[in-house]
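# Quick one, fold the following:
(one chain, ligands or ions: 1)
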Amino acid sequence: MSDFIALENVEKVFEVRRKTGFLKRERREVRAVDALSFTVARGEMVGYIGPNGAGKSTTIKMLTGILTPSGGRLRVAGIDPSRERMRLAHRIGVVFGQRTTLWWDLPLIDSYRLAHRMYRIPDARYRENLDRLVELLDLGGLLDVPVRQLSLGQRMRGDIAAALLHDPEVLYLDEPTIGLDVVSKTKVRDFLRELNTERGTTVLLTTHDLQDIEQLCSRVMVIDHGRLVYDGTLAGLHEAGESERTLVVDLERELPPVEVTAARVVKVEGARQWLAFPAGQSAAPLVADLAARYPLLDLSVREPDIEAVIARMYAEKAVS
Ligand SMILES: Nc1ncnc2c1ncn2[C@@H]1O[C@H](COP(=O)(O)OP(=O)(O)OP(=O)(O)O)[C@@H](O)[C@H]1O
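This next block holds a predicted model:
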């Protein structure tokens, strides 16, 4: 079966009651997911992005069986998640960046021992998986440390290991690099890449960090107002949104806006200038041009954020 995850016209409607007066309440429907259809093949690594409130978490919750769809058809590994949640749990792993599934006051290893029993992982396989994950995620010195004493990056690596001890075929990751420093982000990304290529684990990744997607996913799906608005490559998304990167330039002294062909100055503050250029274009020729003609002290490149890319995508649609 090539479609490992399959959604067909999936909907999720929440009914919310709002107090509108002393005794009056108003009922309102929130369509969190609306006629959503997509498939993910076994072994794919897909970015699932969208602005706040777009319906990403609701989708993930339906894929794990925590929420039941209001309509449509949804299958993961041939299983209807909300009907057979426990059977599915043995085949999926979930990591929420903002929450931990680890036992806060206990040493890290105790959460793993619990997973060992909960998922009834055969002893030999548990040992083998634990050794491999401890090595790859650099958890060696941390197993006896209570979770509450771990740094955010260490805790995240601990959470990822916990989600993988039972060898799930698919891993859902919700903001796995949120709040992490550059070194920790790199560790997590390197590990996920290896997991996907070496073990063929299917990965669905929700993130606000475009670099997560850039470095890990060949395919990206964008959801907005519960609907799929884009499904394709990241380069295609940049094109659709005509997104721009920003080169921040520190000059030796205050100067009028610099004049270069490959970019336009969008802001000047003292000796610092901000230059926007197309995201699909290399910064190298631009930097060379600037360095040849202006007294530079420092440079840095800022990536567009997901919200900006999506906003521009809509602006394009509105004028076309
Ligand atoms: N249990 C609930 N009851 C009522 N409304 C809900 C519930 N859960 C989510 N919603 C609403 O459904 C919509 C989609 O929410 P969801 O959490 O799926 O978005 P998201 O894309 O994950 O956003 P974020 O990036 O902020 O986490 C929002 O309007 C949200 O307020």
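
# Low-confidence stretches in this protein?
1-2, 241, 306, 313-320 (pLDDT under 70).

# ranges for the strands of this structure?
3-19, 25-41, 45-49, 71-76, 92-96, 170-174, 202-206, 219-224, 227-232, 244-251, 264-269, 272-278, 296-302 (DSSP state E).

# now these as CSV including distance to residue 85?
Heads up, the C-betas are built off the backbone N, CA and C, glycines and all. Converted to CSV, those look like this (distance: least, Cβ to Cβ, whole Å):
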stretch, distance to residue 85
strand 3-19, 15
strand 25-41, 18
strand 45-49, 21
strand 71-76, 11
strand 92-96, 10
strand 170-174, 14
strand 202-206, 17
strand 219-224, 23
strand 227-232, 24
strand 244-251, 43
strand 264-269, 49
strand 272-278, 45
strand 296-302, 42
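
# could those be laid out in TSV, adding mean neighbour count and distance to residue 213?
Output for these, formatted as TSV (neighbours: other Cβ atoms under 10 Å; distance: least, Cβ to Cβ, whole Å):
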stretch	mean neighbour count	distance to residue 213
strand 3-19	15	18
strand 25-41	16	15
strand 45-49	24	4
strand 71-76	18	22
strand 92-96	22	16
strand 170-174	23	12
strand 202-206	23	7
strand 219-224	22	5
strand 227-232	17	12
strand 244-251	19	15
strand 264-269	13	24
strand 272-278	18	18
strand 296-302	12	16
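
# Which one of those lies nearest to residue 134?
Among these, strand 92-96 comes nearest to residue 134, with 16.4 Å by Cβ to Cβ.

# what sits against residue 260?
Contacts of residue 260 were listed using Cβ atoms under 8 Å, 6 or more residues apart in numbering, and they are 275, 286, 289, 290.

# repeat that for 7 Å
Contacts for residue 260 (Cβ atoms under 7 Å, 6 or more residues apart in numbering) come out as 286, 289, 290.

# Can you give me the end-to-end span of stretch 111-125?
This stretch, stretch 111-125, spans 17 Å end to end (Cα to Cα, to the nearest Å).

# quick revisit: quick one, which of the strands of the chain gets closest to residue 158.
So among the strands of the chain, strand 92-96 is nearest, using Cβ to Cβ, at 10.2 Å.

# now that closest one, how far from the chain's geometric center?
12 Å (Cα atoms, centre = their mean, to the nearest Å).

# ok, now stretch 43-58?
7 Å.

# How about stretch 260-267?
Counting by Cα atoms, centre = their mean, stretch 260-267 comes out at 31 Å from the chain centroid.

# and if you look at stretch 5-17?
21 Å.

# Now for residue 239, how many residues are close by?
16 (other Cβ atoms under 10 Å).

# OK, contacts around the residue nearest to it when sequence neighbours are not counted?
Leaving out its chain neighbours, the residue that sits closest to residue 239 by Cβ to Cβ, 6 or more residues apart in numbering is residue 280, at 6.8 Å. Residue 280 makes contact with 235, 238, 239 under the criterion Cβ under 7 Å, 6+ apart.

# Please indicate which of the contacts of residue 260 are buried?
By neighbour count, with 16 or more other Cβ atoms under 10 Å, the contacts of residue 260 hold 286, 289, 290 as buried.

# so how far is the ligand from the first one?
When Cβ to the nearest ligand atom, to the nearest Å is applied, the distance between residue 286 and the ligand equals 33 Å.

# That residue contacts residue 247, doesn't it?
Yes. If you go by Cβ atoms under 7 Å, residue 286 and residue 247 touch, sitting 6.4 Å apart.

# overlap in contacts of these two?
With Cβ under 7 Å, 6+ apart as the test, residue 286 and residue 247 both reach 263, 277.

# Stretch 50-61 close to the ligand?
Yes. Applying Cβ under 6 Å from any ligand atom, one finds stretch 50-61 touching the ligand at 50, 52, 53, 54, 55, 56, 57, 58.

# Just name the closest of the contacts of residue 260 to residue 192, please.
residue 286 (31.3 Å).

# how about the closest one, what does it touch?
Residue 286 neighbours (Cβ under 7 Å, 6+ apart): 247, 260, 262, 263, 277.

# now these in TSV, with distance to the ligand?
As requested, these are arranged in TSV below (distance: Cβ to the nearest ligand atom, whole Å):
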residue	distance to the ligand
247	28
260	36
262	34
263	31
277	28
